[in-house]
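K.L.:
Generate a structure from the sequence data that follows.
(chains A, B, C and D)
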2 protein chains.
Amino acid sequence: MASDVRDPFAAPGHDHAGCVMAALDAAEARCARAGQRLTPLRRRVLELVWRGHDPVGAYDILELMRDERGRIAPPTVYRALDFLCRQGLVHRLESLQAFIGCGQAGDHGTDHGTDHGIGHHAAHFLICQDCGEAVEIRDGQLDGAISQLAGRAGFAIANETIELSGRCAACQS
Amino acid sequence: MASDVRDPFAAPGHDHAGCVMAALDAAEARCARAGQRLTPLRRRVLELVWRGHDPVGAYDILELMRDERGRIAPPTVYRALDFLCRQGLVHRLESLQAFIGCGQAGDHGTDHGTDHGIGHHAAHFLICQDCGEAVEIRDGQLDGAISQLAGRAGFAIANETIELSGRCAACQS
DNA sequence: CTCATTATGATATAACATAACACTATGAAT
DNA sequence: ATTCATAGTGTTATGTTATATCATAATGAG
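P.N.:
Down below sits the predicted model:
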């Protein structure tokens, strides 16, 4: 059923404004801690990425910003997205060529095994092809399997792209 | 050391012509079994994908084919690649926007848990950022972790993108 | 042989991303 | 406060990857 507490997808009528606010607050805190500047432009791009729980294309953001600020070119958006990715505030979904806000930007310090450097963690996703929503998952067993197989292969992982597409619980009815 | 038998990367001086022949033979067999036509064009594209163990861009293949056949347009190459992907003979690496020959196209029938439909299996990769080589891996523990986490989330996986980038054993010296 | 189906050719364009250079804002050091 | 190096943004142009669409050709079933 849809109310399964283990379903990590966002509930239909959840307080999304709260999500956005939490994300922006976490971003402010994180940048402050890292001595990085969350400029109005970057902040606004982050806010637009958090428009929903669906991944957003760079050109979608470009459109949205044109509506409110007039002329703006791709590099401006890409630079902001690059910055946000570097800070670990946004992730890029390779299989969709799109971006999504990091659902764990508030979890600073509490790194887990697969973390690579300051503020960056391996991001793994479930992506629903029906409703378009993507959620970041965190699974110890998965992390363990990955680090073990890498160890056996003598392979030093620098970056993990793990994106599982399919149908979320709510969309199977 | 480089001779670790668990290192899945191709040995420096291995018989690559053999790899290519095995891949083409497996492809013929597979298409015959599936009632699909491995036309000269498709066969040639597959052969070019198997040029090495590095992922190849669609436009790289386009270049190579122009050298030998003159005028040829992107859709021709993309259609062949689509076909080969549908037959499970080639995989697309999302994080590189490139293609690579399936190292397990010969394994027909012996499907493993995460298989999705005829001839398709979940393909997981190790990608060396140093030498550029990518290898398909198969790990029961990883498959298990994935299916368990999906099960807990009530998520029905249709497609898995798992690409681990880093440095292979040989490139760490 | 006919015909439906599948494959390929050809043109145009869409979608995603970055290089390069100019200009502006910011903050640290004097 | 002024200077200066650095970081951020604006702007133009272009590179890279992928697809829509329609025309033509090859294939195989009946």
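
K.L.:
what about the spatially most central residue of chain A, distance to B:Trp50?
P.N.:
Nearest to the mean C-alpha position of chain A, by Cα atoms, centre = their mean, lies A:Cys102 at 3.0 Å. Separation of A:Cys102 from B:Trp50 (Cβ to Cβ, to the nearest Å): 38 Å. Placement of C-beta: from N, CA and C, glycine included.

K.L.:
same thing with A:Gly88?
P.N.:
According to Cβ to Cβ, A:Gly88 and B:Trp50 sit 38 Å apart.

K.L.:
Pop out the phi and psi values for A:Ala145.
P.N.:
The phi and psi values for A:Ala145, taken as degrees, to the nearest 10, are phi -60, psi -40.

K.L.:
Oops, could you answer that again for A:Val135 instead?
P.N.:
For A:Val135, the backbone dihedrals are phi -130, psi 140 (criterion: degrees, to the nearest 10).

K.L.:
Just give the number of residues close to it.
P.N.:
A:Val135 has 19 neighbouring residues, counting by other Cβ atoms under 10 Å in any protein chain shown.

K.L.:
Apart from its chain neighbours, what residue comes closest to it?
P.N.:
Nearest residue to A:Val135 in three dimensions, chain neighbours excluded: A:Pro8, at 4.6 Å (Cβ to Cβ, 6 or more residues apart in numbering or on different chains).

K.L.:
before we move on, what about A:Asp7?
P.N.:
What sits nearest to A:Asp7 in space, not counting adjacent residues and going by Cβ to Cβ, 6+ apart, is A:Ala169, at 4.4 Å.

K.L.:
Over to A:Ala134?
P.N.:
Of all residues not flanking A:Ala134 in the chain, A:Ile127 sits nearest, at 4.4 Å (Cβ to Cβ, 6+ apart).

K.L.:
Likewise for A:Asp54?
P.N.:
A:Asp54's closest residue in space is A:Gly132 (Cβ to Cβ, 6+ apart), at 4.4 Å.

K.L.:
rewinding a little: give the contact list for the residue nearest to the centre of chain A.
P.N.:
Contacts for A:Cys102 (Cβ atoms under 8 Å, 6 or more residues apart in numbering or on different chains) come out as A:Ala23, A:Gly88, A:Leu89, A:Val90, A:His91, A:Ala123, A:Glu136.

K.L.:
Could you point out the longest helix of chain A?
P.N.:
helix A:16-34 (DSSP state H).

K.L.:
Downstream of that helix, the next helix or strand is which one?
P.N.:
Downstream of helix A:16-34, the first helix or strand assigned by DSSP states H and E is helix A:40-49.

K.L.:
Give me the angle between that next one and helix A:16-34.
P.N.:
Helix A:40-49 runs at 140 degrees relative to helix A:16-34, counting by axes from the mean of the first three to the mean of the last three Cα atoms, to 10 degrees.

K.L.:
hmm, helix A:40-49 in reach of DNA strand C?
P.N.:
No - using Cβ under 7 Å from any atom of the strand, helix A:40-49 stays clear of DNA strand C, coming no nearer than 8.6 Å.

K.L.:
contacting residues around that helix?
P.N.:
A:20, A:23-24, A:27, A:38, A:56, A:61, A:64-65, A:76-77, A:80-81, A:83-84, A:89-90, A:99-101.

K.L.:
Check these one by one and keep those near DNA strand C.
P.N.:
With Cβ under 7 Å from any atom of the strand as the criterion, the contacts of helix A:40-49 include none near DNA strand C.

K.L.:
what number of residues lie near the residue nearest to A:Asp54?
P.N.:
15.

K.L.:
just A:Glu63 next, same as before
P.N.:
A:Glu63: 13 surrounding residues under other Cβ under 10 Å.

K.L.:
need the contact list for A:Ala27.
P.N.:
A:Leu38, A:Arg43, A:Leu46, A:Leu84, A:Gln87, A:Leu89, A:Ala105.

K.L.:
For chain A, which residues are neighbours of chain B?
P.N.:
A:4, A:6-9, A:94-95, A:126, A:128-129, A:137, A:139, A:141-142, A:144-146, A:148-150, A:152-169, A:172 (Cβ under 8 Å from any Cβ of the partner chain).

K.L.:
Could you list which of those residues belong to strands?
P.N.:
When strands are assigned by DSSP state E, the members of the residues of chain A next to chain B inside them are A:126, A:128, A:137, A:156-167.

K.L.:
Please check those and keep the buried ones.
P.N.:
Neighbour counting with 16 or more other Cβ atoms under 10 Å in any protein chain shown marks A:126, A:128, A:137, A:156-157, A:160-167 as buried within these.

K.L.:
Might you report the residue contacts of the residue with the largest distance to the centre of chain A?
P.N.:
Within chain A, the residue lying farthest from the chain centre (Cα atoms, centre = their mean) is A:Arg152, at 29.5 Å. Residues in contact with A:Arg152 (Cβ under 8 Å, 6+ apart) are B:Arg6.

K.L.:
Noted, bye for now.
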